[in-house]
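J.: what's the 3D shape of this:
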Amino acid sequence: MGEMSRKLSAMGMVLIMFFMFDAFALAKKSHGQGAKSVPANELKIGWMGGITGILAELGLNVREATDWAVEEANQAGGINGRQIRIVYADTKIDPQLARQSAERLIMSDRVPAIIGDYYTPNTDAILEIVEKAKVPLITPGSGGIMLTQKGYKYIFRGCYSSEFDALVAGRYAVENMKARRIVIMGASDSFGRSVGDAFEKYVKGSGKAEIVGYDTYDFATTKDFTNLLLKYKANPPDIIYLSGAQADGGLITKQAVEAGIKTQFLGNLAQTKSAYYKIGGKATVGTIATTSFIGMAENYRDFAEPSTVKFTEAFVKRYQKAPTLDHAQGYDTTNMLLEAFRIAKSTDGEKVREALLGLSDYKSARGTIKMLPNGDILVKMFLIQLMDDGKWKVLAAIMPKV
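T.: The predicted model follows:
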């Protein structure tokens, strides 16, 4: 009986030592709050955006261009000898889902930088998370003005600020179109209000025109704009400025024509999306909109820089379709971040941040880009007009004033 006890005791010690070793190995493997180890020859980059849901078309376009940029970089040897791998997170238009995705990408996937989000409220929701982790975030489509005005150091844009969008549109409306009575109709979310408010501020400050109406709505739920539009039927404004998204803008123009309201529509970058024409149909023809990419316009070569021509030709050859602003912004944002890693020769957040700030003469799919101290970019803007059959024509080029 004593011999049996000694054998069991010895066996117990072996088991205890085994479990202690296993626990130590597990703890070592999961160091960093459950983080996964990253192979030395791999550079993981997080990507956040809606690839399902109401803005899926935009997210999928950006993702398509991101994949292309990464493929090109990997075929050229990667970044500093490391192959790039994108870790994708579908955030739809849900800020809570965006927060969860950012935390997972940083804590579990251990990405040193994130591309995203496309939707301004989603990007706004994760600013504190990336700032605390010192993980650079560069958004390919969130134009909300407030994002780069909160004093955060790790937020950058690969797109232009909606402030530039609105100021260029306001300047064109007042100086070129000679509009004197203007109505603003736009979404009540942070993007729509930031665009609408900046446009209103410029027009009022010009002293040459007045805002005779400013109507907002929930872009995700509002489908009938007739009552809003009928207020202006008796005395139509010179311009209705659309500061919302593409689908609601298409409905507004269509319902305005059906109500017999004759006016000129002026839009932001959202009105350059295909959904605007698909939903609004012939009613959208004649709309003028702002954009930083003109590769979809028939006369783009008359205004484009060589880098835009090169990107557009390569895109059409590869995908057999015309590129969109989303494609250009996705491609540029990815390549700007990869260039920052290349310059930094490190994945350290502070070094990558400094490299991004140093991009002062970057040749992109949209032309020359300069990164500003607050994380915004300065890039040439264009006014384009929607022609019959959904094609675009470039009207003018304007460089925003900082």
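J.: Packing partners of the strand or helix carrying residue 127?
T.: Counting by DSSP states H and E, the element that carries residue 127 is helix 120-133. Secondary-structure packing of helix 120-133 (3 or more CB pairs under 8 Å, 6 or more residues apart in numbering; DSSP states H and E): helix 95-103, strand 137-139, strand 155-157, helix 190-206. Where C-beta positions appear, they are placed from N, C-alpha and C, glycine not excepted.
J.: average pLDDT across it?
T.: The pLDDT scores in helix 120-133 average 97.
J.: Now that helix: buried residues?
T.: When burial is assessed from 16 or more other CB atoms under 10 Å, helix 120-133 yields the following buried residues: 120, 121, 122, 123, 124, 125, 126, 127, 129, 130, 131, 133.
J.: give the contact list for the most centrally placed residue in the chain.
T.: Residue closest to the average C-alpha location in the chain (CA atoms, centre = their mean): residue 141, at 1.3 Å. Taking CB atoms under 8 Å, 6 or more residues apart in numbering, we find residue 141 in contact with 49, 58, 62, 117, 118, 119, 159, 326, 329.
J.: Let me know the helix or strand that the spatially closest residue to the third one that is not a sequence neighbour is in.
T.: This means residue 62. Nearest residue to residue 62 in three dimensions, chain neighbours excluded: residue 330, at 3.5 Å (CB to CB, 6 or more residues apart in numbering). Under the criterion of DSSP H and E, residue 330 resides in helix 325-344.
J.: now could you export just the CA positions of that helix as PDB?
T.: Extracted in PDB, the C-alpha atoms of helix 325-344 (Å, rounded to 0.1, in the frame of the first residue of the first chain):
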ATOM      1  CA  LEU A 325     -13.300  58.000 -56.500                       C
ATOM      2  CA  ASP A 326     -13.600  55.100 -54.000                       C
ATOM      3  CA  HIS A 327     -11.100  53.000 -56.000                       C
ATOM      4  CA  ALA A 328      -8.700  56.000 -56.200                       C
ATOM      5  CA  GLN A 329      -8.900  56.800 -52.500                       C
ATOM      6  CA  GLY A 330      -8.600  53.100 -51.500                       C
ATOM      7  CA  TYR A 331      -5.500  52.700 -53.700                       C
ATOM      8  CA  ASP A 332      -3.900  55.900 -52.600                       C
ATOM      9  CA  THR A 333      -4.600  55.400 -48.900                       C
ATOM     10  CA  THR A 334      -3.100  51.900 -49.000                       C
ATOM     11  CA  ASN A 335       0.000  53.100 -50.900                       C
ATOM     12  CA  MET A 336       0.500  56.100 -48.700                       C
ATOM     13  CA  LEU A 337       0.600  53.900 -45.600                       C
ATOM     14  CA  LEU A 338       2.900  51.400 -47.200                       C
ATOM     15  CA  GLU A 339       5.200  54.300 -48.200                       C
ATOM     16  CA  ALA A 340       5.200  55.400 -44.600                       C
ATOM     17  CA  PHE A 341       6.300  51.900 -43.500                       C
ATOM     18  CA  ARG A 342       9.000  51.900 -46.100                       C
ATOM     19  CA  ILE A 343      10.400  55.200 -45.000                       C
ATOM     20  CA  ALA A 344      10.100  54.500 -41.300                       C
END
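J.: So which bits of the following helix or strand past that helix are buried?
T.: As assigned by DSSP H and E, the chain's next helix or strand after helix 325-344 is helix 349-357. The neighbour-count check on helix 349-357 (16+ other CB under 10 Å) flags 349, 351, 352, 353, 355, 356, 357 as buried.
J.: Looking at those, which two lie furthest apart in space?
T.: Using CB to CB, the pair of those lying farthest apart is 349 and 357, separated by 12.6 Å.
J.: Quick check: neighbours shared by the two?
T.: Common neighbours of residue 349 and residue 357, using CB under 8 Å, 6+ apart, do not exist here.
J.: residue boundaries of the strands in the stretch 1-150 of the chain?
T.: For the stretch 1-150 of the chain, strands defined by DSSP state E, counting those that start in this stretch occupy the ranges 42-49, 83-90, 114-115, 137-139.
J.: Right, I'll call it a day here.
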